[in-house]
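[1] Here's my sequence, what's the structure:
(one chain, ligands or ions: 1)
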Amino acid sequence: MKTIDGNHISRAIIKDLKKQVAELQGPPPAITFIRVGENPASIAYVNRKQKVATEIGMLSNVVSLPATVSRDELFKKIDELNNDKKVHGILIQAPLPPHRVEREIFNRVSPLKDVDGFSAANLGKLCQEDESGFVACTPAGIIELLKGANVKIEGSHVVVLGRSLIVGKPAALLMMKRCIEGNATVTVCHSKTNNLPSILKQADIIIAAIGQAEFVKANMIKQGVVIIDVGINRVNDPTKKLGYRLVGDVDFKDVYELTSKITPVPGGVGPMTVAMLMRNTLKAYHQQQK
Ligand code: NDP
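    Alright, predicted model coming up:
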């Protein structure tokens, strides 16, 4: 099928994780989410992740802190969880209130419990191709989507649109990893890239993660390209109950005919991110049992 079904591929992974957790002896893996402030998107993301954790048979807990929480208090809470043997994974839910320095907060989480893979230690392990680290969930999910859709990465030219620490950079590192699920030639583009369409036209695989609604159009791509659309953008739509609909960074309708495979939004990358978080939590649990 041309549309890559992230719901279907993630369900198979979740089913397998559920089976693995059911076979464990003793208390199950446990993840704690830290939420700062009352951002509706953060609340929704955490609820969704908790639901899947419960389905798999993992324990989950949410620590809600006010947006005004001091840096010291936040660090104290993270340190408590770092030292709590009953907690295997810790996730600081982004987006954080704007005045927070995400990098120092992500680095405070013990690398052994950093199931989001955002700490310097885990990003460094990814760079070193050290399998003991945790790979950021969205990029890891992209690899699983491509595998699930039988897309050959090795030898292909992958263009990654976006260079963020949570998607673009780790996705580029994974694609160039020395392995059968990597070995691609990777070009990374960002807001200062010149002649973007001419670069996109050379891509066998495009990973779009820029947060710009329906930015990639048919006239920017070549026939037969595979597109992974990471973007989640709200656009006003009075015909919808909520007054908006979600679209990706790619104009799905415009590019569809030209692509050989493409992920939809929603129902593509999103569900994979959650499945990879659960996989990382089980990995953290096993590492901490040793
Ligand atoms: P960031 O805002 O952190 O990074 C955006 C990147 O896109 C930057 O590197 C920026 O360039 C680049 N960019 C922005 N505009 C353009 C442009 N016009 N042309 C080329 N490059 C551009 O975003 P994230 O990586 O956090 O997220 C990207 C998108 O993916 C968002 O829509 C987000 O909601 C979604 N997302 C989805 C997830 C999922 O599970 N499906 C998970 C995480 C994110 P520069 O560096 O020069 O500023």
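[2] Enumerate the residues of the stretch 51-200 of the chain near the ligand.
    138, 161-164, 166-168, 189-193 (CB under 6 Å from any ligand atom). C-beta: built from backbone N, CA, C; applies to glycine.
[3] which residues of the stretch 51-200 of the chain fall in helices?
    Taking DSSP state H, counting those that start in this stretch, the helices of the stretch 51-200 of the chain run over residues 71-83, 102-108, 120-128, 137-148, 168-175, 196-200.
[4] quick one: which of those helices is nearest residue 16?
    When those are compared by CB to CB, helix 137-148 sits nearest residue 16, at 11.5 Å.
[5] which residues are contacting that closest one?
    4, 6, 8-10, 12-13, 115-117, 153, 166-167, 170-171, 173-174, 181, 205, 207, 209, 226, 228, 230, 263, 268-269, 272-277, 279-280 (CB atoms under 8 Å, 6 or more residues apart in numbering).
[6] mind redoing it with 6 Å?
    Applying CB atoms under 6 Å, 6 or more residues apart in numbering, the contact partners of helix 137-148 are 4, 9, 153, 167, 170-171, 174, 181, 228, 269, 272-273, 276-277.
[7] Same check on stretch 66-76?
    37, 97, 108.
[8] isn't the first one right next to residue 95, touching?
    What it means is residue 37. No - counting by CB atoms under 6 Å, residue 37 stays clear of residue 95, with 8.8 Å between them.
[9] Tell me which of these two has more neighbours.
    Shown here are residue 37 and residue 95; by other CB atoms under 10 Å, residue 37 has more neighbours (18 against 13).
[10] out of everything not next to it in sequence, what's closest to that one?
    residue 67 (3.5 Å; CB to CB, 6 or more residues apart in numbering).
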